[in-house]
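Q: Have a look; sequence and predicted model below, questions after that.
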Amino acid sequence: MFAIKFIQEGGFFMYPILLVLFLGMGIVIERALYLAKVVASNKAIWDDVYPLISKGQLKPALDKVKDNDAAIGRILSYGINRSLIARRVEDVETAMEEALMEVMPRLEARTSYVSTFANIATLLGLTGTVQGLISAFKAVANADPAIKGDLLSQSISVAMNTTLFGLIVAIPLLLAFSYLQNKTNSVVESLEMASIKFLNTLRQLSAKSAE
């Protein structure tokens with residue numbers, strides 16, 4: 001098989017690059033599935049709870065989210081709890097910001113490793129090529145002058161495989177990192193929008209009760 005032969009011809013550094021590929025793609029798949037689950041659960045909880053909030057039924061809404069571990073559930077739980085004891089909407093906003101800061105690390109967990117692995121793959125590829133070139137020049141130093149050119153060109157071709165493989169691994173990982181970052185930012189923005197909508201609803205309820 002071409003891929004197996006390509007890796008075998010590249011030398012030792014092809015295997016660390018392959019390991020980086022598996023680790024990086026493992027994180028990408030895990031993070032993509034996790035974020036997709038977060039988006040789905042957030043939407044389901046919001047669609048279930050917001051009608052109660054808009055009617056001023058905060059305690060029934062709290063019962064639905066207080067034991068929920070989803071990101072939007074925790075943020076709403078903080079906000080509703082504070083709204084039941086606080087007079088100012090600003091206090092509720094502070095509580096929800098605190099909740100958002102708590103869920104952010106879970107949303108961003110391990111994503112930065114993908115970018116790191118992409119850089120490592122590139123550097124391993126370059127290191128493998130340099131090591132291969134050094135070995136190639138040493139090998140042809142005492143070779144027959146008639147075959148030095150052919151031997152050197154063949155050795156350099158093999159040595160360049162590691163740089164090529166490093167780039168083949170790094171580019172998809174960088175694209176995946178960009179996707180995960182954008183997806184995470186989108187989730188955070190949706191949480192912020194939900195918080196704003198909740199606070200605006202509280203203000204409207206307060207205004208109606210004051211009339």
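A: Happy to help now that I have it. Predicted model, so just to flag it, every value in this text is computed and none were measured.
Q: what about A118, distance to I196?
A: 35 Å (Cβ to Cβ, to the nearest Å). In short, each C-beta sits where N, CA and C put it, glycine included.
Q: How about the contacts made by the closest residue to Q8 other than its chain neighbours?
A: Excluding its sequence neighbours, the residue lying closest to Q8 (Cβ to Cβ, 6 or more residues apart in numbering) is M14, at 7.7 Å. Residues near M14 by Cβ atoms under 8 Å, 6 or more residues apart in numbering: 7-8, 128, 161-162, 165.
Q: and of the residues you listed, the nearest to V92?
A: F165 (53.5 Å; Cβ to Cβ).
Q: what sits against that closest one?
A: F165 neighbours (Cβ under 8 Å, 6+ apart): 6-7, 10, 14, 17-18, 125.
Q: Could you rerun that using 7 Å?
A: 10, 14, 17, 125 (Cβ atoms under 7 Å, 6 or more residues apart in numbering).
Q: ok, so what distance separates it from S157?
A: 13 Å.
Q: Check I85 too.
A: 72 Å.
Q: okay, the two: which has more neighbours?
A: S157 (12 against 8; other Cβ atoms under 10 Å).
Q: Leaving out chain neighbours, which residue sits closest to the residue nearest in space to the middle of the chain?
A: Nearest to the geometric centre of the chain sits T111, at 3.1 Å (Cα atoms, centre = their mean). Take T111 and drop its neighbours on the chain: the residue closest to it by Cβ to Cβ, 6+ apart is L180, 4.9 Å away.
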